[in-house]
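K.L.:
Need coordinates for the following:
(one chain, ligands or ions: 2)
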Amino acid sequence: MDLPVVDLAPYLGSAGDVVAEDVRALCATVSASLRDTGALLVKDPRCSAADNDRFLDVVERYFARSAEAKRLQERPHLHYQVGVTPEGVEVPRSLVDKEIQEKIKSMPEEFQPATPKGPDPKWRYMWRVGPRPVNTRFKELNSEPVIPDGLPEWKETMDSWGSKMISAIEVVAEMAAIGFGLQKDAFTSLMKEGPHLLAPTGSDLQRHGTEGTVFAGFHYDLNFLTIHGRSRFPGLNIWLRNGKKMEVKVPVGCLLIQSGKELEWLTGGECLAGMHEVVVTKRTLDAISLAKEQNRSLWRVSSTLFSHIASDAILKPLGHFAEAPNAHSYPPICAGDYVEQELSVINLKGKDGF
Ligand SMILES: O=C(O)CCC(=O)C(=O)O
Ligand SMILES: [Fe+2]
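P.N.:
Ligands and ions are numbered 1, 2, ... in the order given. Modelled structure (predicted):
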């Protein structure tokens, strides 16, 4: 089974409140794919492969710096909310969450995720995207964005890729709402001024390029929807709702969307947060060989953006999802409180999305 690729162009072209039958069918594909696979591939005419390449080129150049040079952008006292997070800091949920460990044990062996031995050996860079609310109970630390020196194109590239990814997510969120039989703005109205984060990961395949190395241990994303451009090195495995594991292949020019826990909450469990991991596989090894032949960077960079529900908005099953069989497991909670609660489990208050 392959993930469907949904072209967003027909929906973008159908501006207005009347959604034609063929466009409604695309919306149904979006919601069904999120429900059944926790993921979806889309093509957005506003986000080109060249945009993705420009972003990856800049971030690759940054991660190629020495650890000491990168640590100039480290802000541990701000809980890594901005700037760089070194390898060995992020802890995969499967390492600390007993419930997930039990779930893994109950899975057939062929679908069990790789077992991480400790924290993830991946770096990350956190860059806030979009406006934040003036009045909020959840003031993020009052910190300026961290801009690495010697990369004049950094700010423009991050802002441009970040806003493109948010635009794509907003369209997917509208299409998903229509597909789920909700008002078109049911999700997007809750996303306004959300604490969205562009959070690319950087994994050094030169040092950690052996088959089976776990870059991101089995986890779900705690945010609403996660979007990534195509990475130059494969390695992402996702778990479908039916429990099967699937290696994701993102075609050139496509974007990958994954459902997070906030979406699960809003749909009363109809759409579960997608479990996933990033591991060095045979296909990663092939991409490493090719990159070596072509003298390209051996840093695996993801162009991950975590989109969020606004911190002061209430998470609860929306519309008919209030009647979903498991709706009682998703009581009303302020999105900001929910995020803090999740982060305290993985003991990284202030970090989002993983
Ligand atoms: O590195 C990647 O491709 C994605 C990592 C991931 O799952 C995450 O950052 O939540
Ligand atoms: Fe993730």
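
K.L.:
Determine the number of other residues adjacent to Y80.
P.N.:
Using other CB atoms under 10 Å, Y80 has 22 neighbouring residues. (Glycine included, C-beta is placed from N, CA and C.)

K.L.:
for the closest residue in space to A335 that isn't next to it in sequence, helix, strand, or coil?
P.N.:
In this structure, A335 finds its nearest non-sequential neighbour in I309, 4.3 Å apart by CB to CB, 6 or more residues apart in numbering. Three-state assignment for I309 (DSSP: H, G, I helix; E, B strand; the rest coil): coil.

K.L.:
before we move on, what about the one 3 residues further on?
P.N.:
Classification of D312 into helix, strand or coil gives coil, according to three-state DSSP.

K.L.:
Can you give me every residue that contacts it?
P.N.:
133, 136-138, 334-336 (CB atoms under 8 Å, 6 or more residues apart in numbering).

K.L.:
How about the stretch 201-350 of the chain: which residue is closest to ligand 2?
P.N.:
Minimum separation of the stretch 201-350 of the chain from ligand 2 (CB to the ion) falls at D221, amounting to 4.4 Å.

K.L.:
List the contacts of the closest residue to ligand 1 within the stretch 1-150 of the chain.
P.N.:
Using CB to the nearest ligand atom, the closest approach of the stretch 1-150 of the chain to ligand 1 is made by K122 at 6.4 Å. Contact analysis of K122 by CB under 8 Å, 6+ apart lists 87, 90, 201-203, 215-216, 278.

K.L.:
Flag whichever of these scores worst on pLDDT.
P.N.:
On pLDDT alone, E90 ranks lowest of the contacts of K122, at 89.

K.L.:
Can I get stretch 146-158 in CSV, CA atoms only?
P.N.:
Extracted C-alpha coordinates of stretch 146-158, given in CSV (Å, rounded to 0.1, in the frame of the first residue of the first chain):
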residue,chain,number,x,y,z
VAL,A,146,18.8,32.8,17.2
ILE,A,147,20.5,33.5,13.9
PRO,A,148,23.8,31.7,13.2
ASP,A,149,26.5,34.0,12.1
GLY,A,150,28.1,33.6,8.6
LEU,A,151,24.8,32.5,6.9
PRO,A,152,23.3,35.7,5.6
GLU,A,153,20.5,33.8,3.8
TRP,A,154,19.4,32.0,7.1
LYS,A,155,16.6,34.2,8.2
GLU,A,156,15.0,34.7,4.8
THR,A,157,15.2,31.0,4.0
MET,A,158,13.7,29.8,7.3
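
K.L.:
Give me the buried stretch members for that stretch, please.
P.N.:
Neighbour-count burial for stretch 146-158, counted by 16 or more other CB atoms under 10 Å, picks out 146, 148, 154, 157-158.

K.L.:
Next, give me the two most distant ones among those residues.
P.N.:
Farthest-apart pair in the buried residues of stretch 146-158 is V146 and T157; separation 14.6 Å (CB to CB).

K.L.:
for G217, phi and psi?
P.N.:
Main-chain torsions, G217, degrees, to the nearest 10: phi -70, psi 160.

K.L.:
from the contacts of K122, which are also near ligand 1?
P.N.:
201, 216, 278 (CB under 6 Å from any ligand atom).

K.L.:
Contacts for stretch 136-144 next, please.
P.N.:
75, 78-79, 81-82, 128, 132, 195, 311-312, 334, 336, 340, 350.

K.L.:
Next step: those residues restricted to helices.
P.N.:
Judged by DSSP state H, those include 336, 340 as members of helices.

K.L.:
For the contacts of stretch 136-144, give me TSV that also has distance to ligand 2 and pLDDT.
P.N.:
Conversion of the contacts of stretch 136-144 to TSV gives the following (distance: CB to the ion, whole Å; pLDDT from 0 to 100):
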residue	distance to ligand 2	pLDDT
R75	21	93
L78	21	84
H79	18	84
Q81	17	86
V82	19	92
R128	18	95
R132	23	90
P195	16	94
S311	20	95
D312	24	96
C334	23	96
G336	20	94
E340	19	89
G350	17	39
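
K.L.:
and the two most separated of the contacts of stretch 136-144?
P.N.:
R75 and C334 (25.6 Å).

K.L.:
ranges for the strands of the stretch 1-150 of the chain?
P.N.:
5-7, 39-43, 83-85, 123-128 (DSSP state E, counting those that start in this stretch).
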